[in-house]
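> just need the structure, nothing else, for what follows:
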Amino acid sequence: MFADCIPVFKIRELKSEDERVKWVKIGVVVLVVFSLLISIIFGEPVTLIVYGSLAQGALLPFLALAAVYFLFVRIDKKLRSGKAWNIFLMISVLSMVVVGCYQLYEKLK
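Residues are numbered from 1 along each chain as shown. Model prediction:
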């Protein structure tokens, strides 16, 4: 994802597949070094996993609501989905919000 985000955010234009592969390798090294530094600085890997799950639980409702926002506000009317798709999307959004809130509640209590 790191290499794919470089041209999207206009940091640099990747002109070839070889250049993209180079940035993938750089991203892997940076991610491993960053992870190592975090584990050395903060220690307690189990605690870090709990914090990671807490962050994921906090993000679930926002991701679900972003999907609804993009579907109903930002997409061209010609590309909108049918009623069945919308119903299942709303069920999914509700499920993600409930699971995210439950996960936050469980980790914080």
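> give me the nearest residue to L59, chain neighbours excluded.
Sequence neighbours aside, G100 is the residue nearest to L59 in space, at 7.4 Å (criterion: CB to CB, 6 or more residues apart in numbering). The way it works is simple: take the backbone N, C-alpha and C, and place the C-beta from them, glycine included.
> list the buried residues in whatever helix or strand that neighbour lives in.
When elements are assigned from DSSP states H and E, G100 belongs to helix 83-108. In terms of neighbour count (16 or more other CB atoms under 10 Å), helix 83-108 has its buried residues at L89, V93, M96, V97, G100, Q103, L104.
> with stretch 16-34 instead?
Under the neighbour-count rule (16+ other CB under 10 Å), stretch 16-34 has W23, G27 buried.
> ok, stretch 52-65 next?
Judged by neighbour count (16+ other CB under 10 Å), stretch 52-65 contains these buried residues: G57, L60, P61, A64.
> hmm, the third one is touching Y102, no?
It refers to P61. No. Under the contact definition of CB atoms under 8 Å, P61 does not touch Y102, with a separation of 10.8 Å.
> mutual contacts of those two, please.
Shared contacts of P61 and Y102, defined by CB atoms under 8 Å, 6 or more residues apart in numbering, are absent.
> ok, L48 - contacts?
If you count contacts by CB under 8 Å, 6+ apart, then L48 has I38, S39, F42 around it.
> ditto for C5
When contacts are taken as CB under 8 Å, 6+ apart, C5 is in contact with I11.
> name the helix or strand for it, please.
C5 belongs to helix 2-8, assigned by DSSP H and E.
> can you name the element that comes right after that helix?
If you walk from helix 2-8 toward the C-terminus, the next helix or strand you reach (DSSP H and E) is helix 17-42.
> what's that next one packed up against?
If contacts are counted by 3 or more CB pairs under 8 Å, 6 or more residues apart in numbering; DSSP states H and E, helix 17-42 sits against helix 2-8, helix 45-69.
> that helix vs helix 45-69, what angle?
Here helix 17-42 runs at 130 degrees with respect to helix 45-69, directions being taken by axes from the mean of the first three to the mean of the last three CA atoms, to 10 degrees.
> domain ranges for the protein?
Structural domains of the chain, as assigned by automatic domain parsing, span the residue ranges 1-42, 44-109.
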